[in-house]
Structure formats: structure tokens, C-alpha cells
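> Provide a 3D model corresponding to the input given below.
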Amino acid sequence: MTLILYKCSNHKPMERAKAIATIGSPSNKSGLIQQLQEEVFALQRFRKPKSEVSDLGLGPIAKAFPESTFPTGAVHEFISYQTPNAAATSGFMIALAGRLMQQHGSCLWISTRRTLYPPSLKQYGIDAARVICIDLAKQKDVLWAVEEALKCQSLTLVIGELSEISFNDSRRLQLAVEQSNVTGLLHRYNPRSENTLACAARWKIASLASDHPTLPGVGFSRWHVELSKVRNGRPSAWDIEWSKQGFQHLSPQEVATEIQTRKTA
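Below you'll find the predicted structure:
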């Protein structure tokens, strides 16, 4: 066993994977698989988040990511096309920001067409004084400002609103967060194409009717959350609600029952 590990240590991960078949013991295989996975994560710049922000209360959503952990110190891409979904995306990003910042930290929100309504931050447990908005005239200026902000280790989070970004541009953002460990959220509203980016995940958020006995839309925020791409993870979709207790997951039966109740009311 020692000889096999030594011979594999200088091989590429793909070649090392082939060596697993030569090991008979399940425990030895498990150890080599774990070692191989860690090397793949290192090559793809995957790092475990800091312990103080590792639990964002995402529940089943977190299980879609490697190590069942939301990747901080990484860039996440959000895509929306219709105005209601753009508003839902902003709301979900604010909820995430509240969990990432928790009771400390600060955030930069950079855009050309600010959609953030500062008083709404309190609903998600965020002190508006800890969110600094930067309004710029051109999207290329937004991209430059986001890249520079992601290099600042004093920040916890950087949110940028821009439609178009190239793979090379996203690669620069990824290189920035690898040094600073700052988390970046990019909201791309109505992009020309869903081109490949060097991001940890691609999210799509749609709004859902809230639960209220007689006035739909007045209750807590609800979203249909889709992870269409996850680096080293498992894409999936969920229905969730934001309440005073944080993220609450809704079963398909709950949502279907409420929709049917409204139709018959």
C-alpha cells in the first residue's frame, strides 16, 4: 500500500484515480479517494469557508455544494430575466448577505441601476449602515469597482449588478477572492447569453406567492431557488421561505396545497 501511494504521488489526479482499482481494501480505497478529492478541490481553488460563517441555515441547499458547505471566498452568479424575478433575486441575495455578515462585517453594493431599498435590510437582520452603495454610470465601471472591492480583505461581501461579463473577467474576480477570501455575488439581469463563467455556482431565483389567509403577497418572502450549475456539486431546486427564524424549506405538497386553496377561495 505504501509503495502504491508513493508511485501515485507524482501522477496527475486522473492517473491516480486509476490506481484505486489496484487496492483491495475498502478502507484503503476510501483514504485514497479522499486524498484525490482534496487534490481536485485544490486544483479548482475550492476552499472550505471560515468556521464563523459556515452555517448559513440553508439546510438542503447546502448539501448541493462540495463538503455540504456554502462556498465563501468565491464568486456566485445570479441570473434573472423578468422584473419580478429580478426583485426576487435581490431579496434572496439580501437574505444571504444577512447570513454571511451575521452581526459584523460590511458589504459593498455596486450597480448602475440600484434596486436596493435600504429600509428593507432590517427585515433580513442587516444594519443599513453596514451596506455601502456605489452608483456608477457604466457597466465596465461596475466591473472594475467589483474587482477592486473583492481585493479588500476588510469587506465580508461584494454585490455587483451587471448584465454582461466575459469568462476572462470572471477569472480575474475569482483570482481576487482567492487572495482576500471575500465573497462576491453577481446579479446579471437579462444577459445576452448565459456564457460560462469562473464562478462557484449559478443561481436562478423566482418569486412565489407568500402564505397569508386572505392577502397573498403580504406574508414572508418566498422563492423558488434553482442551482443550475455547481462546481463539484449537485444542481437542484427548492422552494423556501424567509421568516424571523431564517430560511424555512417548503415541501412541494405545501406549495401545491396553498395554490389550490387560493384558486378555490
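
> Show the pLDDT at the most centrally placed residue in the chain.
In the chain, the centroid-proximal residue (C-alpha atoms, centre = their mean) is His76; its distance is 4.7 Å. Per-residue pLDDT puts His76 at 97.

> And it, how far from Leu186?
Going from His76 to Leu186 by C-beta to C-beta, to the nearest Å gives 7 Å. From N, CA and C alone the C-beta is placed, and that goes for glycine too.

> any shared contact partners between those two?
Common contact partners of His76 and Leu186 (C-beta atoms under 8 Å, 6 or more residues apart in numbering): Cys199.

> just to revisit the earlier point, where's the residue nearest to the centre of the chain, which helix or strand?
strand 75-80 (DSSP states H and E).

> And that strand, how far out from the chain middle?
8 Å (C-alpha atoms, centre = their mean, to the nearest Å).

> quick check: angle from the very next helix or strand once past it to strand 75-80?
Later in the chain than strand 75-80, the nearest helix or strand by DSSP H and E is helix 83-101. Counting by axes from the mean of the first three to the mean of the last three C-alpha atoms, to 10 degrees, helix 83-101 lies at 160 degrees to strand 75-80.

> Just name whatever secondary elements the helix or strand just after helix 83-101 is in contact with.
Downstream of helix 83-101, the next assigned helix or strand under DSSP H and E is strand 107-111. Where contact means 3 or more C-beta pairs under 8 Å, 6 or more residues apart in numbering; DSSP states H and E, strand 107-111 is packed against strand 131-135, helix 139-150, strand 157-161.

> helix/strand/coil for Cys199?
coil (DSSP: H, G, I helix; E, B strand; the rest coil).

> quick one, what contacts the nearest residue to it once chain neighbours are set aside?
Using C-beta to C-beta, 6 or more residues apart in numbering and skipping the chain neighbours, the partner closest in space to Cys199 is Glu77 (4.3 Å). Residues in contact with Glu77 (C-beta under 8 Å, 6+ apart) are Ser170, Leu186, Arg188, Leu197, Cys199, Ala201, Arg202, Trp203.

> What helix or strand is the first one located in?
Assigned by DSSP H and E, Ser170 falls within helix 167-180.

> can you pull the buried residues of that helix?
By 16 or more other C-beta atoms under 10 Å, the buried positions in helix 167-180 come out as Asp169, Ser170, Leu173, Gln174, Ala176, Val177, Ser180.
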